[in-house]
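Visitor: have a look at this prediction, sequence included:
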Amino acid sequence: MNYIYLYNNLINLTTNKLLYKKLSIQDTFNDRLLIFLFHFAFFLKVFKNKDNEKKLQEIYDFNFRQLELSIREIGYGDQSINKKMKDYINLFHAIVSDIHFWENLTLNEKKDIISKFLENFNNIDDLVEYFQDFFKNLSKKTLNSYLKSVINS
């Protein structure tokens with residue numbers, strides 16, 4: 001199954017110039033990658049259930065293959081890519097673990113999580129609010145609607 005619509009939607013959210021302008025964030029590859037990983041982690045959190053297990057694994061594999069292709073396009077060599085991918089996958093799993101109980105966390109705990117991974121960001125309050133809204137919006141739709149439609153950034 002092709003998950004390019006979802007991947008492109010996550011990339012569009014991640015590269016949204018208004019987000020970077022509002023949050024006064026530099027638009028670097030590393031920052032975009034971290035924002036992408038947060039979007040993807042929230043996506044998996046919302047739709048994780050027994051019925052979606054196989055599909056979410058396919059989406060996970062597809063997204064990390066696409067990420068690897070993006071790293072190759074930047075010009076990293078094969079050895080560097082393997083190390084980078086391992087680092088990114090470990091980082092992603094740390095994010096997933098930390099946001100597992102997102103809806104039960106206090107505002108300060110949410111800020112701590114975001115700050116832990118995005119330490120160079122000045123507007124953590126705005127970023128927490130952004131991901132809180134993203135989390136709520138994800139919860140309002142079905143997995144299939146996100147696989148076939150465009151997410152508004």
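Guide: Perfect, thanks for sending it.

Visitor: the lowest-mean-pLDDT helix or strand in the chain - contacts with which helices or strands?
Guide: In the chain, no helix or strand scores lower on mean pLDDT, DSSP states H and E than helix 17-23, which sits at a mean of 79. Helices and strands touching helix 17-23, by 3 or more C-beta pairs under 8 Å, 6 or more residues apart in numbering; DSSP states H and E, are helix 124-139. (Glycine included, C-beta is placed from N, CA and C.)

Visitor: quick one: contacts of the following helix or strand past the helix it packs on?
Guide: Elements were assigned by DSSP states H and E; along the chain past helix 124-139, the next helix or strand is helix 143-148. Helix 143-148 has contacts (C-beta atoms under 8 Å, 6 or more residues apart in numbering) with 3, 5-6, 9, 43, 47, 52, 55-56, 138.

Visitor: what's the answer for stretch 67-82, then?
Guide: Contact with stretch 67-82 is made by 29, 33, 36, 84-85, 88, as judged by C-beta under 8 Å, 6+ apart.

Visitor: wait, which of the contacts of helix 143-148 is closest to F92?
Guide: Nearest to F92 out of the contacts of helix 143-148 is F43 (C-beta to C-beta; 11.6 Å).

Visitor: report the contact partners of the closest one.
Guide: 6, 10, 138, 146.

Visitor: change it to 10 Å
Guide: 6, 9-10, 13, 56, 59-60, 63, 134-135, 138, 143, 146, 151 (C-beta atoms under 10 Å, 6 or more residues apart in numbering).

Visitor: next one: I11
Guide: Residues counted as contacts of I11 (C-beta under 10 Å, 6+ apart) are 32, 36, 39, 63, 66-67, 70, 153.
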